[in-house]
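> Return atomic coordinates for the entry below.
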Amino acid sequence: MRIRIANLLLFISTLLILSCGETTQSKEQHSSVNEEENTLEFRYSAPANSTSQSPLLILMHGYGSNEKSFANLGGALDNRFHKVSVRAPLLLNQNGFAWYGLDWENGTVVGHNEIEEENSYQQMIILSNHIKKTYSISRPIYLVGFSQGAMMALNLTMTYPEVFSGAAVLSGRSCSEAKKSFAASNELKEHSFFISHGTEDNIIPVIEGQIIKRILSEYPVDITYKEYLIDHSLNAEIISDLNNWLNIAFETNN
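So this is what the prediction gives:
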């Protein structure tokens, strides 16, 4: 009976994550950062027992989504973390945003706007510093990204290891060009990554997740890699494994 109840609760959590509606959380605040003409909207949720010793978890949504829908994911993750769900800066439509524009050809992505991508990186650095200062957070920062947000999380952590201590890369991809900006191996020690990908993903094929694993294997980082029998989405099993990874991250830093 206990197992059935646990599974039911996990299933309900997943439904909340995958819904596009906004979840109201206690202690949640909505704010923005405006510095050097860069503005990022975000939603902040304090940990269950607010303390400066709690690490910071920054959530980065995918292409065409927003910080409201991805905040639902935060509600299902380890409540010992400070959590921030960020809205990407590029407006696509009324409720859809992106970290950078994509170049399309016959329905296929053939490139992206590198200037917008770099701008998003810099805005995320500004935002991260602002949040740590505003909420008196002295512990490490971890990123959780899905799809395009996963690509951002991966590249930010590998490029700015002095700012970010690890990343959960959910259904993302990497490329050889990104490696050129990665930090030196000795700067990446003790950094950790959780990589998940659906074997039925027809948006970003699972081979892209395997490529990320192969690239990261060249560096002295801790890698947790898992594949799931799903498409370009999240499910309860992924959330459970992600929480296990976050628990290790929390225990490592306390």
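> Can you tell me the closest non-neighbouring residue to L90?
A98 (4.5 Å; C-beta to C-beta, 6 or more residues apart in numbering). From N, CA and C alone the C-beta is placed, and that goes for glycine too.
> That neighbour and A183: what is the separation?
Separation of A98 from A183 (C-beta to C-beta, to the nearest Å): 26 Å.
> cool, and G75?
From G75 over to A183 (counting by C-beta to C-beta), the distance is 32 Å.
> can you count the residues close to the residue nearest to L90?
Using other C-beta atoms under 10 Å, A98 has 22 neighbouring residues.
> Check S233 too.
Other residues close to S233 by other C-beta under 10 Å number 18.
> is it true that it lies in a strand?
No: per DSSP: H, G, I helix; E, B strand; the rest coil, S233 lies outside any strand segment and is coil.
> my read: it touches S196, true?
No: S233 lies out of contact with S196 (C-beta atoms under 8 Å); the separation is 10.7 Å.
> Quick check: neighbours shared by these two?
S171 (C-beta atoms under 8 Å, 6 or more residues apart in numbering).
> residue ranges of the helices in the stretch 151-254 of the chain, please?
For the stretch 151-254 of the chain, the helices defined by DSSP state H, counting those that start in this stretch occupy 176-179, 206-216, 236-252.
> Looking at those, which is nearest to T157?
helix 206-216 (10.0 Å; C-beta to C-beta).
> hey, C-alpha coordinates of the closest one in CSV?
What follows is helix 206-216, C-alpha atoms only, in CSV (Å, rounded to 0.1, in the frame of the first residue of the first chain):
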residue,chain,number,x,y,z
VAL,A,206,19.1,10.4,-28.2
ILE,A,207,22.5,10.2,-30.0
GLU,A,208,22.9,13.9,-29.0
GLY,A,209,22.8,12.9,-25.3
GLN,A,210,25.4,10.2,-26.0
ILE,A,211,27.6,12.8,-27.7
ILE,A,212,27.4,15.0,-24.6
LYS,A,213,28.4,12.1,-22.4
ARG,A,214,31.4,11.4,-24.7
ILE,A,215,32.5,15.0,-24.7
LEU,A,216,32.3,15.3,-20.9
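> who touches that helix?
Contacts of helix 206-216 (C-beta under 8 Å, 6+ apart): 154, 158, 169, 171-174, 179, 193, 195-199, 223, 225, 227.
> Let's see the ChimeraX selection covering just the buried ones among the residues you listed.
Under the burial definition 16 or more other C-beta atoms under 10 Å, those of these that qualify are selected in ChimeraX by:
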select :154,158,169,171,172,173,174,193,195,196,197,198,225
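> Restricted to strands, list the contacts of helix 206-216.
Among the contacts of helix 206-216, the members found in strands (DSSP state E) are 169, 193, 195-198, 223, 225, 227.
> Would you mind giving the residues you listed as a markdown table with pLDDT and distance to N247 added?
Output for the ones in strands among the contacts of helix 206-216, formatted as a markdown table (pLDDT from 0 to 100; distance: C-beta to C-beta, whole Å):
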| residue | pLDDT | distance to N247 |
| --- | --- | --- |
| V169 | 98 | 18 |
| F193 | 98 | 15 |
| I195 | 98 | 17 |
| S196 | 98 | 16 |
| H197 | 98 | 21 |
| G198 | 98 | 23 |
| I223 | 97 | 17 |
| Y225 | 98 | 18 |
| E227 | 98 | 21 |
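> any idea which of those is closest to I238?
Nearest member of the ones in strands among the contacts of helix 206-216 to I238, counting by C-beta to C-beta, is S196, at 5.2 Å.
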